[in-house]
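Engineer: could you look at this predicted model? Sequence included:
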Amino acid sequence: FSLYLWNLTRTLYVIKEIRKCLPKVIIIVGGPEVTEEFNYIASEKADFSIIGEGENSFVQLIKHFLGNKPSLETISNLAFKNGDKIIHNPYFDTITDINDIPSPFLSGCLDPRLYNRYWLETMKWCPHRCKYCLYYYRSRIRNPFYSLDRIEEELNYAKKLGLRSIDLHDSAFNLNPKFREICKIIQKINKDKSLKISLFLEAEILKPEDVELLSSINITWAEIGLQSINPETLKKIERNVDLGQWLNGINLLKKKNI
């Protein structure tokens, strides 16, 4: 189970009900709500916790169940019980290139037609270090940017399946150093504008030419995060926002009906 603020209470209830029916089942939890401070193993709601990035750790844990290798002690970010003691493994730098993680859609693990939409990230990276946010900690991978070839393959696949919606789930799409190149790939694939695209943007850095490009790729809506207008709050969360620039970016979007 992946535990988030919005699904935590519901998921813990589901886990409790599963335990009643299947007392020997192995339960693994991960996601933003899993931390060393708030442990689900101590309360016996989970057998294993994965703290932070889980793609590689989860695969290693499944391999351990299948053949006892690797040993639990060598799996990155894993927490588990050894007798009465809870062991927290350190973070091992296991993934150096984000492109080593296969696409759940292209590999056939998930069928996006079930949802009639395609979720896509172009990167796992953010330059900001907002105190409340996980994105900076997800940026530790040496290469956190998906290749242009992979992004193009994903978009072509979505188009081929006849999907109507693409959700770009980057922290802010226009922070990607290859933002303009990706827009041009989308332009080429979405000439008929049959794909509706939604995304997250950072308004402060938008230029007129960026907004022109965004307008050309059929953006249906953009989410703009304004952390706060309170200088004291911004200082505490360690995020600088130029409100004048932010308003300028918003107005540029409005002029293009985004």
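Structural biologist: It's in. Numbers count the residues shown, from 1 in each chain.
Engineer: which residues of the protein fall in strands?
Structural biologist: 28-29, 48-50, 78-82, 85-88, 117-120, 165-168, 196-201, 219-224 (DSSP state E).
Engineer: please identify the most buried of those strands.
Structural biologist: Most buried of the strands of the chain, by mean neighbour count (mean count of other C-beta atoms under 10 Å): strand 48-50, with a mean of 25. All C-beta spots, glycine's among them, are computed from the backbone N, C-alpha and C.
Engineer: hmm, who's touching stretch 12-26?
Structural biologist: With C-beta atoms under 8 Å, 6 or more residues apart in numbering as the test, stretch 12-26 has contacts from Phe1, Ile27, Val29, Lys45, Ala46, Asp47, Phe48, Phe65.
Engineer: now do the fourth one against Lys196, distance only.
Structural biologist: As judged by C-beta to C-beta, to the nearest Å, Lys45 and Lys196 stand 39 Å apart.
Engineer: where in the chain is pLDDT low?
Structural biologist: 137-139 (pLDDT under 70).
Engineer: who's the residue nearest to Trp119 when sequence neighbours are not counted bridged to?
Structural biologist: Using C-beta to C-beta, 6 or more residues apart in numbering and skipping residues adjacent in sequence, the residue nearest Trp119 is Asp167, 5.1 Å away. Counting by DSSP bridges, Asp167 is bridged to Trp119, Ser198.
Engineer: so Phe173 touches Ser198, yeah?
Structural biologist: No - contact between Phe173 and Ser198 fails when scored by C-beta atoms under 8 Å: they sit 10.0 Å apart.
Engineer: what are the ranges of the helices in the stretch 1-150 of the chain?
Structural biologist: 8-21, 55-67, 148-160 (DSSP state H, counting those that start in this stretch).
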